[in-house]
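Asker: just a sequence and a predicted model for now, questions to come.
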Amino acid sequence: MRVYTGRGDDGRTDLADQSRVSKTHPRIEAYGTVDELNARVGDARPAGYEDVDDQLAVVQNDLFTIQSQLATPDPGDDDPQLSPGRIDVLETWIDEYEDEVGGLESFILPAGAAAATSLHVARTTCRRAERRVVALADASEHAVADPVVSYLNRLSDYCFTAARVVNHRDGVTEESPTY
């Protein structure tokens, strides 16, 4: 099978149910941005921090499930669905990392070690993906499964906390903005 088909040359693409929509359709914007987020998460997987890397590998698989959900206007019982329990997993990881680095005393700049900066970029991409999914839910006749928005919201918190952990482990001091 070839990567190219030419079917999208007219500015339209197929959804999982084989219906065709514009490449600017809110559903395509939503799962396309989650796809971008998945690539950013892959880029952020830090060498030398096995726990963070392993967690981000799990996140990448969760994001594929979300993409599948978003590409399927009317999912059936056999279609992949993100479990609400995945949010609990993210919260556990966040809590463990907050215990390691301590609470925030002020805003911090998204900077530091290369892996931490990549995690901050993933965080901001995650926030955009969340906005695109909410826009899809607002504009669509098809509901977006509840755990998806909550998962993306929590994932951005995880990326922020993981960035703090990577900086902490690398001995990088967090910088507060100078207003």
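Answerer: Arrived safely.
Asker: residues touching Val133, list them.
Answerer: Contacts were defined as Cβ atoms under 8 Å, 6 or more residues apart in numbering; by that measure Val133 touches 30, 34, 70, 144, 148-149, 152. Any C-beta I mention is one placed from the backbone N, CA and C, and that applies to glycine too.
Asker: where does this structure dip in pLDDT?
Answerer: Within the chain, the ranges that satisfy pLDDT under 70 run 141-142, 145.
Asker: that one: strands as residue ranges?
Answerer: In order along the chain, the chain carries the following strands (DSSP state E): 12-14, 20-22.
Asker: looking at the ones you listed, which is nearest to Gln81?
Answerer: Gln81 sits nearest to strand 12-14 of all the strands of the chain, at 20.7 Å, using Cβ to Cβ.
Asker: which single one of the contacts of Val133 is nearest to Ala57?
Answerer: After measuring these against Ala57 - Cβ to Cβ - the closest member comes out as Val34, at 16.3 Å.
Asker: doesn't Gln69 make contact with that closest one?
Answerer: No. Under the criterion of Cβ atoms under 8 Å, Val34 is not in contact with Gln69, lying 9.4 Å apart.
Asker: just the buried ones out of the contacts of Val133, please.
Answerer: 30, 34, 70, 144, 148-149, 152 (16 or more other Cβ atoms under 10 Å).
Asker: any residues touching stretch 38-50, and which ones?
Answerer: When contacts are taken as Cβ under 8 Å, 6+ apart, the neighbours of stretch 38-50 outside the stretch itself are 52-53, 56-57, 59-60, 63-64, 67, 115, 118-119, 121-122, 125, 159, 165-166, 169.
Asker: an error on my part: the question was meant for stretch 16-32.
Answerer: Counting contacts by Cβ under 8 Å, 6+ apart, the residues outside stretch 16-32 that touch it are 8, 11-15, 66-68, 70-74, 79, 129, 132-133, 135-136, 139-140, 144.
Asker: could you rerun that using 7 Å?
Answerer: 8, 11-15, 67, 70-74, 132-133, 135-136, 139-140 (Cβ atoms under 7 Å, 6 or more residues apart in numbering).
Asker: give me the buried subset of the residues you listed.
Answerer: Buried members of the contacts of stretch 16-32, scored by 16+ other Cβ under 10 Å, are 13, 15, 67, 70-72, 132-133, 136.
Asker: and the end-to-end length of stretch 16-30?
Answerer: The separation between the terminal residues of stretch 16-30, taken as Cα to Cα, to the nearest Å, is 14 Å.
Asker: how far does that stretch sit from its chain's centre?
Answerer: The gap between where stretch 16-30 is centred and where its chain is centred comes out at 19 Å by Cα atoms, centre = their mean, to the nearest Å.
Asker: in that stretch, which residues are buried?
Answerer: Buried positions in stretch 16-30, judged by neighbour count with 16+ other Cβ under 10 Å: 16, 25-30.
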